[in-house]
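A.B. asks: 3D, please:
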Amino acid sequence: MSFLMTLRVAFKALARNKLRTALTMLGMIIGVAAVITMVALGSGAQAAIEDQIRGAGTNMITIFPGSATAGGVRQGGGSSSRLTVNDAKAIRQVAEVEHVSEGIQSQQQIVAGAANWRTSVIGVNVEYTDIKSWPMKYGAFFTDYDVTSAAKVCTLGVNVSQNLFGDEDPTGAEIRIRSNVFRVLGVMAPKGASSSGQNQDDQIFAPYTTVMKKLQGNEFLNYILASARSGPEMKRASEAVAAAMRGEHKIETGADDDFRVQTQDDLIATRTEATQTMTSLLAGIAAVSLLVGGIGIMNIMLVSVTERTREIGLRLAIGASGSDVLMQFLVEAVVISLVGGFLGIALGYGVSEFVRVYQNWPTMVPSESVFTSVAFSAGVGIFFGFYPARKAAALDPIEALRFE
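C.D. replies: Down below sits the predicted model:
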């Protein structure tokens, strides 16, 4: 019997019990849809994290104070506040580095007329906007002269501007931080949350020299930002920055660093590792329903073999071979799996789109997950359909015809 004839017979057999066939497919539909949805949610979240981190700046490298060892005891990260302005100068000598900005942070209460707002005052230099690829909404950023003279000037994040001045352009206005009066030079364009979840629009930016002398009263930096000249140079630039820092801090070969150099790629790897693990876990749990669906297919096919014993005996008696019967029942199982798989893929896409539109959750369905789902559906049909098909093919024609 030709394959096309086998396919026709299989479809007719499935059509005779439409409700049972549909219910058998349901396990595959739910399983495939669950896998597609979980992978879409995980992949979308991972892509969003990568975009968010890469959008934070241009080929950015961050240098933090590292851990220190005192009296043989390993202390925590940041316990040695040894980042200084000289460290930033040393990093500026690195050929692979294009921009460098000192960074110091202070939490302050801001007063503007009758309004007040508590936020972070970030001390940086003029290269900060180049590193962060951050344009202005109103006015202009401060200048090199403002940095060298420790001028009391600042620019506001849009959230700070909104809370202190409403919808007005505050350029030229004055705000008070502690006993210091600062002149507002402008407002930064909206930036959104950083990779760590901090609202970057809820900040004020001032010359780092001003924050050091007027607000903090110390000479240490919280961090240093740098940017590599190009993406391919990121790794080489981070290694060169580390070497420059070791030289500046006079760290001997083999000794522990008292600083940490972190690139965007490092941050992406750290953030996405947890996402990938959770996606794999959820997809694995969803895949269990595929296994359950496969068991359902085998169960129904075994019932079908029992119900159609006389039909099988008649086919064998008039000349059909065991391989023809085997192929017929195997095709039925694979058809149930594949049709259920395709319907599951459509349902998975629909659920993913619903979540994206109505729950505002980023989703992305990788093409490989679709192909894997189809292949897995076919594999389930073959695996769980083989035993019932083999049992049908092994029936004795005489015994089958006598079956009541």
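A.B. asks: Kindly report the domain assignment for this structure.
C.D. replies: The chain breaks down into these domains under automatic domain parsing: 3-52+269-402, 81-257.
A.B. asks: distance between the shortest one and the chain's centre?
C.D. replies: What separates the centre of domain 81-257 from the centre of its chain is 27 Å, taken as Cα atoms, centre = their mean, to the nearest Å.
A.B. asks: State the mean pLDDT of it.
C.D. replies: Mean pLDDT, domain 81-257: 90.
A.B. asks: start the count at 11, not 1, going forward
C.D. replies: With the count now opening at 11, the last piece we talked about shows up as domain 91-267.
A.B. asks: Could you check which helix or strand contains the closest residue to residue 350 other than its chain neighbours?
C.D. replies: Of all residues not flanking residue 350 in the chain, residue 38 sits nearest, at 3.0 Å (Cβ to Cβ, 6 or more residues apart in numbering). Using the backbone N, CA and C atoms, a C-beta is placed for each residue, glycine as well. Using DSSP states H and E, residue 38 sits within helix 28-64.
A.B. asks: average pLDDT across that helix?
C.D. replies: Mean predicted confidence for helix 28-64 is 76.
A.B. asks: Can you list the helices and strands that that helix packs against?
C.D. replies: Secondary-structure packing of helix 28-64 (3 or more Cβ pairs under 8 Å, 6 or more residues apart in numbering; DSSP states H and E): helix 274-317, helix 332-368, helix 377-403.
A.B. asks: still on that earlier bit, quick one, which of the domains of the chain is nearest to residue 76?
C.D. replies: Nearest to residue 76, of all the domains of the chain, is domain 91-267, at 5.3 Å by Cβ to Cβ.
A.B. asks: Run me through the strand neighbours of the longest strand along the chain, direction for each.
C.D. replies: Across the chain, the longest stretch assigned as strand under DSSP state E is strand 107-122. Paired strands of strand 107-122, with direction, are strand 125-134 (antiparallel), strand 184-187 (antiparallel), strand 233-238 (antiparallel) (DSSP bridges).
A.B. asks: could these go into JSON lines alongside distance to residue 392 and mean neighbour count?
C.D. replies: What follows is the strands paired with strand 107-122, written out as JSON lines (distance: least, Cβ to Cβ, whole Å; neighbours: other Cβ atoms under 10 Å):
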{"stretch": "strand 125-134", "distance to residue 392": "60", "mean neighbour count": "19"}
{"stretch": "strand 184-187", "distance to residue 392": "71", "mean neighbour count": "18"}
{"stretch": "strand 233-238", "distance to residue 392": "51", "mean neighbour count": "24"}
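A.B. asks: and the ones you listed as a markdown table, adding distance to residue 264?
C.D. replies: Below are the strands paired with strand 107-122 laid out as a markdown table (distance: least, Cβ to Cβ, whole Å):
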| stretch | distance to residue 264 |
| --- | --- |
| strand 125-134 | 34 |
| strand 184-187 | 45 |
| strand 233-238 | 24 |
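A.B. asks: looking at those strands, which is closest to residue 367?
C.D. replies: strand 125-134 (33.6 Å).
A.B. asks: Just the CA atoms of the helix or strand that comes right after the closest one, as CSV, please.
C.D. replies: Next helix or strand after strand 125-134 toward the C-terminus (DSSP H and E): helix 138-142. What follows is helix 138-142, C-alpha atoms only, in CSV (Å, rounded to 0.1, in the frame of the first residue of the first chain):
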residue,chain,number,x,y,z
TYR,A,138,30.1,61.7,31.3
THR,A,139,27.5,62.5,28.6
ASP,A,140,29.8,61.0,25.9
ILE,A,141,30.2,57.8,27.8
LYS,A,142,26.5,57.5,28.5
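A.B. asks: which neighbours does the helix or strand just after helix 138-142 have in its sheet, and in what orientation?
C.D. replies: Following helix 138-142 in sequence order, the next helix or strand is strand 146-149 (DSSP H and E). In the sheet, strand 146-149 lines up against strand 190-198 (antiparallel) (DSSP bridges).
A.B. asks: Which residues belonging to the partner strand are considered buried?
C.D. replies: Of the residues in strand 190-198, 192, 194, 195, 196, 197, 198 count as buried by neighbour count, 16 or more other Cβ atoms under 10 Å.
A.B. asks: Report the beta-bridge partners for the last one.
C.D. replies: Under DSSP bridges, the beta-bridge partners of residue 198 are residue 146.
A.B. asks: Hmm, it is touching residue 164, no?
C.D. replies: No. With contact defined as Cβ atoms under 8 Å, residue 198 and residue 164 do not form a contacting pair (10.6 Å).
A.B. asks: So for the two, which residues contact both of them?
C.D. replies: residue 215 (Cβ atoms under 8 Å, 6 or more residues apart in numbering).
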